[in-house]
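Participant: Generate a structure from the sequence data that follows.
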Amino acid sequence: MSGERSMREAVVDRSAIVHNVRHLREVAGTPEFIAVVKADGYGHGAATSALAAIEGGATRIGVAEIPEALALRAAGVRAPIIAWLHDPVESFAEAVSAGIELGVSRIAQLEEIAAAGDAARASQAGLSPAVSGDARRASAPKAHLKLETGLGRNGLAPDDWHAAFAEAARLEAEGRLVVEGVFSHLSGTSDADDLAQVRVFEEGVGAASAAGLRPRLRHVAATAAAIRLPEARFDAVRVGIGIYGLSPFDDATSADLGLRPAMTLRGRVAAVRRVPTGQGVSYGYAHRTVRETTLALVPLGYADGVPRQASGTAPVAIGGERFRVSGRIAMDQFVVDVGDHPVAVGDEVLLFGDPAAGAPAVEEWARAAGTINYEIVTRVGPRVARRATG
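Facilitator: Presented below is the predicted three-dimensional model:
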């Protein structure tokens with residue numbers, strides 16, 4: 001992350017992430033806490049987020065894809081990392097060599113991961129892939145079996161459990177694989193639907209146990225269930241949006257949940273112009289001035305992740321005053337009608353951040369764009385400099 005000021009930047013407060021993880025660990029009360037930093041830490045910076053989460057008490061890091069996990073290793077993250085979404089023709093060799101724990105959603109992946117472990121041991125220690133025993137077991141790759149419990153996405157379906165668990169048990173007995181965890185993901189549709197999925201998950205865990213598997217971790221709950229569904233907590237919670245200080249609920253704010261938003265998106269006024277009544281603003285003249293007024297140009301646009309759907313409605317703060325985006329958001333910029341308020345080139349413009357610090361909430365932008373807070377922070381683009389504080 002850059003330490004220099006930019007005309008467009010996302011400031012990420014590490015201390016907020018540390019606080020949020022500590023708080024959510026206390027709420028969940030589980031032995032382990034998996035901090036999810038996929039999609040570049042939901043736009044906050046994956047390495048920055050992972051290291052702050054570990055400081056706050058996270059015991060493991062979760063990502064979607066292997067390249068994300070490898071990038072974290074390269075950035076100095078030494079905690080256990082789980083990656084669970086794989087290319088159909090994925091090679092697991094590099095991940096296994098880096099000690100990445102791997103999600104399994106197809107039976108064939110079990111042998112593929114075990115074979116990658118065989119090759120890694122042969123390469124690193126001069127062992128034949130045929131060698132078994134304590135040396136093999138100590139270095140065997142770790143897998144987390146993903147159970148499909150009703151979300152309709154990837155995972156081992158109940159009809160495949162018997163065969164999958166038998167194969168996993170065989171590979172464990174050979175010392176070629178360790179089943180470290182069993183997990184699933186909830187729909188978040190309703191408590192009743194989520195509890196139904198939890199029951200299916202428990203059936204799967206029972207079937208795995210009957211096959212001789214003894215995974216250390218059972219994990220189902222993401223942020224929402226970690227907070228409100230104790231039945232889903234098991235051995236670990238897998239928390240994403242909450243560690244960044246954002247609420248997964250429509251009926252509770254970050255402050256209500258004891259969380260601190262970690263990202264502030266801000267720019268600087270690049271130009272000001274005094275215009276007469278009836279002046280059209282931006283493409284299509286979706287906004288026309290109703291009196292003589294001042295227009296302020298802000299150099300952030302949809303190329304930077306500012307949603308065009310929020311044109312004309314989303315809030316910003318300039319000099320402690322609240323305004324609305326005026327007219328259409330363009331690729332690189334948008335305009336704010338500031339009336340007669342004294343605004344100058346170089347003034348800070350807050351798009352969103354912590355309301356306690358005077359910034360509009362991320363959720364206000366989400367409502368203006370007809371989406372969710374997850375998308376607003378995750379879509380912040382690469383032209384926006386990230387700057388870590390705290």
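Participant: okay, now residue 7: neighbour count?
Facilitator: Neighbour count for residue 7, taken as other CB atoms under 10 Å: 17. (Each C-beta comes from the backbone N, C-alpha and C, glycine too.)
Participant: Next, it: phi, psi?
Facilitator: Note on residue 7: backbone dihedrals following degrees, to the nearest 10 are phi -70, psi -10.
Participant: Repeat that for residue 376.
Facilitator: Here residue 376 shows phi and psi, under degrees, to the nearest 10, equal to phi -60, psi -50.
Participant: Please tell me how far it sits from residue 40.
Facilitator: Residue 376 sits 14 Å away from residue 40, going by CB to CB, to the nearest Å.
Participant: Tell me where the stretch 201-350 of the chain has strands.
Facilitator: Secondary structure of the stretch 201-350 of the chain by DSSP state E, counting those that start in this stretch: the strands cover 217-219, 236-239, 263-268, 271-275, 280-281, 287-288, 293-298, 315-318, 321-326, 334-339, 348-352.
Participant: could the ones you listed go into TSV alongside mean neighbour count?
Facilitator: As requested, those are exported to TSV (neighbours: other CB atoms under 10 Å):
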stretch	mean neighbour count
strand 217-219	25
strand 236-239	26
strand 263-268	24
strand 271-275	13
strand 280-281	18
strand 287-288	16
strand 293-298	21
strand 315-318	22
strand 321-326	18
strand 334-339	22
strand 348-352	23
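Participant: give me every residue that touches residue 48.
Facilitator: Residue 48 is in contact with 1, 12, 14, 41, 386, 388, counting by CB atoms under 8 Å, 6 or more residues apart in numbering.
Participant: List the buried residues of the host helix or strand of it.
Facilitator: Per DSSP states H and E, residue 48 falls inside helix 46-56. Residues 46, 47, 48, 49, 50, 51, 52, 53, 54, 56 are the ones in helix 46-56 that count as buried (16 or more other CB atoms under 10 Å).
Participant: Stretch 299-308 now?
Facilitator: 299, 300, 301, 302, 304, 305, 306, 307.
Participant: and for it, what are the contacting residues?
Facilitator: 7-8, 43, 265, 267-268, 270, 314, 328-334, 351, 365, 368-369, 371, 375-376, 379-381, 383-384.
Participant: Using ChimeraX, define a selection of the buried residues within those.
Facilitator: Buried members of the contacts of stretch 299-308, defined by 16+ other CB under 10 Å, are picked up in ChimeraX with:
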select :7,8,43,265,267,268,270,314,328,329,330,332,333,334,351,365,368,369,375,376,379,380,384
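Participant: how close does residue 195 sit to residue 230?
Facilitator: 11 Å.
Participant: of the two, who's got more company?
Facilitator: Counted by other CB under 10 Å, residue 195 and residue 230 do not tie: residue 195 has more neighbours, with 15 against 11.
Participant: pLDDT at the more buried one, what is it?
Facilitator: At residue 195, the model reports a pLDDT of 97.
Participant: Now for it, which secondary structure element holds it?
Facilitator: helix 191-210.
Participant: Dump that helix to PDB, keeping only the CA atoms.
Facilitator: Extracted in PDB, the C-alpha atoms of helix 191-210 (Å, rounded to 0.1, in the frame of the first residue of the first chain):
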ATOM      1  CA  ASP A 191     -32.900 -18.900  10.400                       C
ATOM      2  CA  ALA A 192     -35.200 -21.900   9.500                       C
ATOM      3  CA  ASP A 193     -33.400 -22.400   6.200                       C
ATOM      4  CA  ASP A 194     -30.000 -22.100   7.800                       C
ATOM      5  CA  LEU A 195     -30.900 -24.500  10.600                       C
ATOM      6  CA  ALA A 196     -32.100 -27.000   8.000                       C
ATOM      7  CA  GLN A 197     -28.700 -26.800   6.400                       C
ATOM      8  CA  VAL A 198     -27.000 -27.200   9.700                       C
ATOM      9  CA  ARG A 199     -28.900 -30.400  10.300                       C
ATOM     10  CA  VAL A 200     -27.800 -31.700   6.900                       C
ATOM     11  CA  PHE A 201     -24.200 -30.700   7.800                       C
ATOM     12  CA  GLU A 202     -24.400 -32.600  11.000                       C
ATOM     13  CA  GLU A 203     -25.600 -35.700   9.100                       C
ATOM     14  CA  GLY A 204     -22.600 -35.400   6.900                       C
ATOM     15  CA  VAL A 205     -20.200 -35.000   9.900                       C
ATOM     16  CA  GLY A 206     -21.800 -38.200  11.300                       C
ATOM     17  CA  ALA A 207     -21.200 -40.000   8.100                       C
ATOM     18  CA  ALA A 208     -17.600 -38.900   7.900                       C
ATOM     19  CA  SER A 209     -17.100 -40.100  11.500                       C
ATOM     20  CA  ALA A 210     -18.600 -43.500  10.600                       C
END
